[in-house]
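Q: Only the shape, not the letters, is given here:
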């Protein structure tokens, strides 16, 4: 956090006129916070992109506003882009207080290799990508790793309750919520069902001798 900083200046341009700022390589931004008078700002687009790449929406950084001696501790709260996601249209910053807890969505990142995945015809079901947590700003993790090496057999899974987190972090997700599970692929299940049908048909088919005996009777 201490090494990441971004400069901003106050902005008078608003509404449709902000498109002229973007053409000049400047992105409209906005700063707000709890019990804080909001500020209309602007940042150099290239510098802003570099900071976004480093911090995402889960890491604190220092925002320096032109004319102020002290920087402000902020999070990126929202990034608005064009429909194709190529151009940043607007960014909201949220100024935090180090003594106030934050409610934030933290990315869940899969790490390591699942031994169960070494067998052909298996895949990982991964329905949960972020975790909703609450903690003080200095305890805020950039991301939370999910260790796949624990998955050694088909059908094994990792739930929210299985994550090992700091005691300073409160999770609001359902403890039973599924994060990742080893499952069979649709093709593997279809192949297995086909083999079972063939086996069952072979077991129930009459032998030639049996067929002859039935004919003689």
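A: Right, received. Where do you want to start? None of these values were measured; they are calculated from a predicted model. Residues are numbered from 1 along each chain as shown.
Q: residues contacting residue 135?
A: 101-102, 166, 168-170 (C-beta atoms under 8 Å, 6 or more residues apart in numbering). Using the backbone N, CA and C atoms, a C-beta is placed for each residue, glycine as well.
Q: How about residue 14?
A: Here residue 14 is in contact with 28, 40 (C-beta under 8 Å, 6+ apart).
Q: Got the domain ranges for the chain?
A: Domain assignment for the chain by automatic domain parsing gives 5-97, 103-191.
Q: follow-up on the earlier one: of the contacts of residue 135, which is the nearest to residue 40?
A: Of all the contacts of residue 135, residue 102 has the smallest distance to residue 40: 23.4 Å, by C-beta to C-beta.
Q: can you pull out the strands in this protein?
A: Per DSSP state E, the chain carries strands over the ranges 5-10, 26-33, 36-44, 61-65, 72-81, 88-95, 102-111, 122-125, 130-135, 144-147, 157-159, 170-171, 178-184.
Q: CSV for those, including distance to residue 55 and mean pLDDT?
A: Compiled in CSV, the strands of the chain are given as follows (distance: least, C-beta to C-beta, whole Å; pLDDT from 0 to 100):
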stretch, distance to residue 55, mean pLDDT
strand 5-10, 9, 96
strand 26-33, 14, 95
strand 36-44, 13, 93
strand 61-65, 5, 96
strand 72-81, 7, 95
strand 88-95, 11, 96
strand 102-111, 12, 95
strand 122-125, 28, 94
strand 130-135, 16, 97
strand 144-147, 16, 96
strand 157-159, 27, 98
strand 170-171, 22, 97
strand 178-184, 24, 96
